[in-house]
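Engineer: what's the 3D shape of this:
(2 chains)
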Amino acid sequence: GNSVTQMEGPVTLSEEAFLTINCTYTATGYPSLFWYVQYPGEGLQLLLKATKADDKGSNKGFEATYRKETTSFHLEKGSVQVSDSAVYFCALSDRGYGQNFVFGPGTRLSVLP
Amino acid sequence: DAMVIQNPRYQVTQFGKPVTLSCSQTLNHNVMYWYQQKSSQAPKLLFHYYDKDFNNEADTPDNFQSRRPNTSFCFLDIRSPGLGDAAMYLCATSSVLGTAVGQPQHFGDGTRLSIL
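Structural biologist: Sure thing, here's the model as predicted:
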């Protein structure tokens, strides 16, 4: 079955540091890939997405590139802020709906001033 | 803005007392989902509706039920809440347009359920 693996957290960085959160996946076919962010006490927000190989998703300074050869979708940001402190979930969907939407375990990021 | 709205944000109920959580959407999406999330773990899918068709996950307890009276609204009923049911409950929607490309899900802010 499909699965998503993320780097273990928590990740603690100083403000303006470079961020990488690794995500790799296992799937049949050609899934769409997503990053979601969850701030304390809130629901999940779609941060960015990519639907085919070599696509780059970007939003709010975050980027991730769909690498089919390495089955990866690593999240990066050049300069993190305290307000980026949250839990980040990598996810995939290989069809339109239903239980084929798979989340990774999440990575907690804390950014210190 | 089009969105997914969950009410209430916080719900307290007593052990064994039935409780209903609600979700509404203005996105006009045809699929709606209910998830359970504990302690910032990955959300766990309980069930989903594809239009009016109900799809239950194999490991969802019978204690959990759902209703979708129309496109915009979906309810989660917990018939006899136990202490282990204390969690954040997330509603999500997606739009399936006949494409094979995986679609994102759009989440509400959740309802945090506490059991006394």
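Engineer: Give me the neighbour count for the residue lying closest to A:K56 once chain neighbours are set aside.
Structural biologist: Once flanking residues are discounted, A:K56 sits nearest to A:T65: 4.7 Å by Cβ to Cβ, 6 or more residues apart in numbering or on different chains. Bear in mind the C-beta positions are built from the backbone N, C-alpha and C, glycine included. Other residues lying near A:T65 total 17 when counted by other Cβ atoms under 10 Å in any protein chain shown.
Engineer: Just the pLDDT for A:T65.
Structural biologist: On pLDDT, A:T65 comes in at 98.
Engineer: For it, give its distance to chain B.
Structural biologist: Using Cβ to the nearest Cβ, to the nearest Å, A:T65 is found at 17 Å from chain B.
Engineer: Contact partners for that residue?
Structural biologist: Counting by Cβ atoms under 8 Å, 6 or more residues apart in numbering or on different chains, A:T65 touches A:A50, A:D54, A:D55, A:K56, A:G57, A:F73, A:H74.
Engineer: With A:T107 instead?
Structural biologist: A:Q6, A:M7, A:E8, A:G9, A:P10, A:V11, A:I21, A:V87, A:Y88, A:F89.
Engineer: Let me know the closest of the residues you listed to B:L76.
Structural biologist: Of all these, B:L76 sits closest to A:F89, with 21.1 Å by Cβ to Cβ.
Engineer: and the closest one, backbone torsions?
Structural biologist: A:F89 adopts backbone torsions of phi -120, psi 130, taken as degrees, to the nearest 10.
Engineer: how about it, what does it touch?
Structural biologist: A:Q6, A:W35, A:Y36, A:V37, A:Q38, A:L44, A:F103, A:G104, A:G106, A:T107, B:A42.
Engineer: May I have the strands that pair with the least confident helix or strand in chain A by mean pLDDT, each with its orientation?
Structural biologist: Within chain A, no helix or strand scores below strand A:101-103, which has a mean of 89 by mean pLDDT, DSSP states H and E. Looking at strand A:101-103 with DSSP bridges, its partner strands are strand A:86-93 (antiparallel).
Engineer: Show me which residues of the partner strand are buried.
Structural biologist: By neighbour count with 16 or more other Cβ atoms under 10 Å in any protein chain shown, strand A:86-93 contains the buried residues A:A86, A:V87, A:Y88, A:F89, A:C90, A:A91, A:L92, A:S93.
Engineer: Kindly reformat the residues you listed as JSON lines and extend each row with pLDDT.
Structural biologist: As requested, the buried residues of strand A:86-93 are exported to JSON lines (pLDDT from 0 to 100):
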{"residue": "A:A86", "pLDDT": "96"}
{"residue": "A:V87", "pLDDT": "96"}
{"residue": "A:Y88", "pLDDT": "97"}
{"residue": "A:F89", "pLDDT": "97"}
{"residue": "A:C90", "pLDDT": "97"}
{"residue": "A:A91", "pLDDT": "95"}
{"residue": "A:L92", "pLDDT": "92"}
{"residue": "A:S93", "pLDDT": "88"}
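Engineer: tell me which of the residues you listed is nearest to chain B?
Structural biologist: Distances from chain B to the buried residues of strand A:86-93, taken as Cβ to the nearest Cβ, are shortest for A:S93 (2.9 Å).
Engineer: Fine by me, we can end here.
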